[in-house]
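Q: sequence-free structure coming up:
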């Protein structure tokens with residue numbers, strides 16, 4: 001099991017950032033970046049960003065050295081975006097939909113059944129990428145790349161057959177979309193970060209969760225539950241962002257190396273996600289998890305919830321949301 005380290009206070013993290021900036025400013029020595037991610041070392045997203053860091057290091061002959069801090073060991077998930085924006089760290093990874101309270105466009109990939117296949121998810125990303133990048137740019141943040149999780153399903157400690165099986169279940173949620181879905185199906189949403197999932201189930205804090213086959217496999221879901229409903233609700237994305245200030249301090253060749261490595265990481269990450277879906281489902285089955293598809297009754301409920309949430313999202317997202325949906329539907333035709 002990956003060791004957990006105490007979270008740094010923002011003051012301590014700022015001191016790290018200052019010392020690194022000082023080192024970078026005294027000579028043409030290597031620039032060192034600390035990169036937090038909330039996910040563990042075995043998560044394919046973490047594997048991918050470590051490859052990204054290696055690619056940057058190799059392409060720049062070590063002039064830009066990115067150290068990945070996994071499992072929330074440097075900065076907690078909730079603080080990563082603001083830590084990059086404030087210059088505490090220059091770069092970080094987070095799930096995009098965590099920013100939904102800032103702007104609904106950040107949760108476009110978490111609307112049930114809007115895009116529930118990899119093909120549609122790619123089309124939706126191309127339709128929304130520019131608007132999302134522009135929104136981040138207003139906060140002096142640069143979007144480097146984004147990679148989806150496998151399609152989200154529902155884990156439970158008993159089989160899901162009827163809509164009533166979800167009623168009053170305490171359900172782990174990780175963004176506003178999963179919270180809203182839990183509410184609409186009659187469950188009780190409960191915020192739990194990935195490293196805390198096993199404990200949340202063992203203590204009875206939650207009895208169900210919406211997440212991917214990958215997260216279930218990574219957290220050894222068979223130790224604390226027995227069923228996975230492969231509902232394929234949506235494919236949420238992690239994104240890697242960098243401070244525009246830190247990025248602009250790099251020379252032109254190094255900036256291009258970062259952009260090239262980011263493009264490769266995005267393409268590689270999407271393929272890793274596809275493979276992870278198949279591999280994780282197999283791991284779940286091998287370890288005794290009963291994997292099923294929604295029954296007709298449950299599928300009807302989830303589709304109704306999806307229609308409701310799509311309408312709600314469009315209303316919140318305004319002109320930006322309308323532009324994304326128009327581009328998405330046009331590309332699908």
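A: On my side now, so go ahead. Predicted, not measured: the structure shown is a model, and the values here were computed from it. Numbers count the residues shown, from 1 in each chain.

Q: Go ahead and confirm residue 223 touches residue 197.
A: No. The pair residue 223 and residue 197 fails to qualify as a contact (Cβ atoms under 8 Å) at a distance of 10.3 Å. Backbone N, C-alpha and C define where each C-beta goes, glycine included.

Q: higher neighbour count, those two?
A: Applying other Cβ atoms under 10 Å to residue 223 and residue 197 shows that residue 197 carries more neighbours, namely 25 against 10.

Q: which regions of the protein lie under the pLDDT threshold?
A: Within the chain, the segments meeting pLDDT under 70 span 1-28.

Q: Can you give the distance of the lengthiest helix in it from its chain's centre?
A: Secondary structure of the chain read by DSSP state H shows that its longest helix is helix 296-332. Between the centre of helix 296-332 and the centre of its host chain there is 20 Å, according to Cα atoms, centre = their mean, to the nearest Å.

Q: For that helix, name the packing helices and strands.
A: For helix 296-332, the helices and strands in contact under the criterion 3 or more Cβ pairs under 8 Å, 6 or more residues apart in numbering; DSSP states H and E are helix 118-137, helix 176-184.

Q: Of those, which stretch is the most buried?
A: helix 176-184 (a mean of 22; mean count of other Cβ atoms under 10 Å).

Q: What is that one packed up against?
A: Here helix 176-184 is seen to pack against strand 170-173, strand 188-191, strand 208-211, helix 296-332 when contacts are counted using 3+ Cβ pairs under 8 Å, 6+ apart.

Q: List the neighbours of it that are in contact with it.
A: Contacts to helix 176-184, defined as Cβ atoms under 8 Å, 6 or more residues apart in numbering, come from residues 97, 100-101, 107, 110-112, 152, 171-173, 188-189, 191, 210, 233-234, 236, 305, 308-309, 312.

Q: ok, back up a step: out of the helices and strands packed on helix 296-332, which is closest to residue 51?
A: The closest approach between residue 51 and any of the helices and strands packed on helix 296-332, judged by Cβ to Cβ, belongs to helix 118-137 at 20.1 Å.

Q: Phi first, then psi, for residue 145.
A: Residue 145 has phi and psi values of phi -160, psi 170 when expressed as degrees, to the nearest 10.

Q: tell me the contacts of it?
A: 52, 239, 240, 262, 263, 265, 266, 269.

Q: let's see it at 6 Å
A: With contacts defined as Cβ atoms under 6 Å, 6 or more residues apart in numbering, residue 145 is in contact with 240, 262, 265, 266.

Q: doesn't the third one fall inside a strand?
A: No. Under DSSP: H, G, I helix; E, B strand; the rest coil, residue 265 falls outside any strand and is assigned helix.

Q: how many other residues sit next to it?
A: Here the count is done by other Cβ under 10 Å, and residue 265 has 24 residues near it.

Q: quick one: the strands in the chain?
A: Assigned strands in the chain, in chain order: 31-36, 64-69, 91-95, 141-148, 153-156, 170-173, 188-191, 208-211, 227-229, 237-243, 290-292 (criterion: DSSP state E).

Q: Mind putting these into TSV with distance to residue 135?
A: As requested, those are arranged in TSV below (distance: least, Cβ to Cβ, whole Å):
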stretch	distance to residue 135
strand 31-36	21
strand 64-69	24
strand 91-95	14
strand 141-148	9
strand 153-156	29
strand 170-173	23
strand 188-191	24
strand 208-211	25
strand 227-229	33
strand 237-243	11
strand 290-292	37
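
Q: Cheers, nothing more for now.
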